[in-house]
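1. what would the 3D arrangement of this be:
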Amino acid sequence: MVKPPPVESFGASPHERPVPRISIHAFCEFPDTGAALQRAGSDRRLSKAHLTVQLGGIAAAVEHYKGQVTPNLLIVETRLNGQAALDDLDRLAEVCDPATKVVVVGRVNDVELYRELMRRGASEYLVAPLSPLQLIEVISGLYLDPGATPIGRVVAFVGARGGSGSSTLAHNVGWCIAEEFAINTTIVDLDLPFGTAGLDFNDEASQGVADALTAPERLDDVLLDRLLLKRGDRLSLFTAPATLERDYDAVPEAYESVIDAVRQSTPCVILDVPHGWQPWIKNTLLMADTIVVVATPDLTSLRNAKNIIELVKAARPNDAPPRLVINQVGMPKRPEIPAKDFAETMGLEPAAVLSFDPALFGQAANNGQMVMEVAARSAISDSIRGLCRSLTGRAAAGNSARGAISLLSFLKGRKSA
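-> Residues are numbered from 1 along each chain as shown. From the prediction side, this is the model:
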């Protein structure tokens, strides 16, 4: 038997790690640099940082900080080059606190200038024009601990309407990524009163997520390990209580803290987000690395999915749009919007189209199994694997030929993006 090739690590890219709570001041010479900084400042990865942008370049910064404390990060733009630019930076150094990091933006791609700026203590030299993603990556890199453990990638599943099958799909995708793609995965059931992760995996519901939300500051690696239910070597469940005896009123920041704690220890985090629009649900979706909207081919789903996707695209201009999954296609006697028309209205190609198969899904649910455990070679199982390939950029572990093709295509797409 041929041993499958090892699966490379999976998780968020280094620049996708959220920037800590820092103050960032920028003094620009050109409007396009200021606009790029403003767009970067509204990004989810800089949501904890406080950014202010002004015009005037280094001269304005020198005047502003006479007798004032400088921020954690100072970004200054210069029209000058050569010795004139270095002289300006020397004047800035006289009013700059030693702990402040300085990023210089210029218009000349000059290696000698870059080296001299680095020698004088600048953290980075960037050549304009700049893109928001470039700025985010640079800022994140300045505060990334080289010895820090990589963080996991967060994939949030949400239904366009109740009964769309979002939870079932989230659980099946999480199982598939763990078992067939050999990536350590944690499924987090955020539907506290009605969550089904325990039922779908034939496990008992627990107070795990609810207890963590009550005191998120206590959620260290030891406590998290105690609260998680293990399902094999690579899959863990963070189940919901699924009871109505208590109120669940945690603030959005508590959910964010719990998710951050989980992603510190797991390469892939699948969030099962309930259908609704409370502040914590909106915040959870907007902070996720990838969003999957699950819709059924009807008018209500069409309206709701379009609203969710448009809001997410507007709020996350530097991220890829959400993935669209059209579920329960072909239900007998139900008038349906054709998948092609549904997708055109969304302006997205579906990441997966799943047919209506109540017998298969019903058998899996009643057995506490996943669809691929019941019918590994079914069309629905293949569609779920395809969605997992799309989310991870790779093929199932052990399928070396298809895996190489999938990963190569993924890398080419990243390079051309």
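2. can you map out the strands along the stretch 251-400 of the chain?
-> Secondary structure of the stretch 251-400 of the chain (DSSP state E, counting those that start in this stretch): strands at 268-273, 290-295, 323-329, 352-355.
3. what pairs with the last one, parallel or antiparallel?
-> It stands for strand 352-355. The strands beside strand 352-355 in its sheet (DSSP bridges) come out as strand 323-329 (parallel).
4. can I get the CA coordinates of the partner strand in PDB?
-> Extracted in PDB, the C-alpha atoms of strand 323-329 (Å, rounded to 0.1, in the frame of the first residue of the first chain):
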ATOM      1  CA  ARG A 323     -19.200  31.500  -1.600                       C
ATOM      2  CA  LEU A 324     -22.700  30.700  -2.700                       C
ATOM      3  CA  VAL A 325     -24.100  27.200  -2.300                       C
ATOM      4  CA  ILE A 326     -27.600  26.400  -3.800                       C
ATOM      5  CA  ASN A 327     -29.100  23.500  -1.800                       C
ATOM      6  CA  GLN A 328     -32.100  21.200  -2.100                       C
ATOM      7  CA  VAL A 329     -32.400  21.600  -5.900                       C
END
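5. quick check: angle from it to strand 290-295?
-> Taking axes from the mean of the first three to the mean of the last three CA atoms, to 10 degrees, one finds strand 323-329 and strand 290-295 inclined to each other by 30 degrees.
6. quick one: mean pLDDT for strand 323-329?
-> Regarding strand 323-329, the rounded mean pLDDT is 97.
7. next: stretch 171-189.
-> Confidence for stretch 171-189, expressed as mean pLDDT, is 96.
8. next one: stretch 121-128
-> Averaged over stretch 121-128, pLDDT sits at 94.
9. adding mean neighbour count and distance to residue 39, write the strands of the stretch 251-400 of the chain out as TSV.
-> (Each C-beta comes from the backbone N, C-alpha and C, glycine too.) As requested, the strands of the stretch 251-400 of the chain are exported to TSV (neighbours: other CB atoms under 10 Å; distance: least, CB to CB, whole Å):
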stretch	mean neighbour count	distance to residue 39
strand 268-273	28	26
strand 290-295	26	20
strand 323-329	24	23
strand 352-355	20	31
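10. and residue 20, how far from residue 321?
-> Computed as CB to CB, to the nearest Å, the residue 20 to residue 321 distance reads 28 Å.
11. do the same with residue 382
-> Going from residue 382 to residue 321 by CB to CB gives 24 Å.
12. neighbour-wise, which of residue 20 and residue 321 wins?
-> The residue with the greater number of neighbours, taking residue 20 and residue 321 and applying other CB atoms under 10 Å, is residue 321; the counts read 15 against 10.
13. correct me, but the more buried one touches residue 348?
-> Yes. Here residue 321 lies in contact with residue 348, judged by CB atoms under 8 Å, at a distance of 6.1 Å.
14. and of the strands of the stretch 251-400 of the chain, who's closest to residue 37?
-> strand 290-295 (25.4 Å; CB to CB).
15. tell me the strands beside the closest one, with direction?
-> Next to strand 290-295 in the sheet, as set by DSSP bridges, lie strand 153-159 (parallel), strand 323-329 (parallel).
16. tell me, how many residues neighbour the residue lying closest to residue 99 once chain neighbours are set aside?
-> In this structure, residue 99 finds its nearest non-sequential neighbour in residue 72, 7.6 Å apart by CB to CB, 6 or more residues apart in numbering. Under the neighbour criterion other CB under 10 Å, residue 72 is assigned a count of 19.
17. list the contacts for residue 72?
-> Residues near residue 72 by CB atoms under 8 Å, 6 or more residues apart in numbering: 22-24, 99-101.
18. one step back: dump the strands paired with strand 290-295 into a markdown table; add distance to residue 207 as well.
-> Output for those, formatted as a markdown table (distance: least, CB to CB, whole Å):
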| stretch | distance to residue 207 |
| --- | --- |
| strand 153-159 | 22 |
| strand 323-329 | 30 |
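19. closest to residue 134 out of the ones you listed?
-> Smallest distance to residue 134 across those (CB to CB): 21.0 Å, for strand 153-159.
20. what's the first helix or strand after that closest one?
-> Past strand 153-159, heading to the C-terminal end, the next element that is a helix or strand (DSSP states H and E) is helix 166-179.
21. for that following helix, buried residues please.
-> Residues of helix 166-179 classed as buried under the neighbour-count rule (16 or more other CB atoms under 10 Å) are 166-179.
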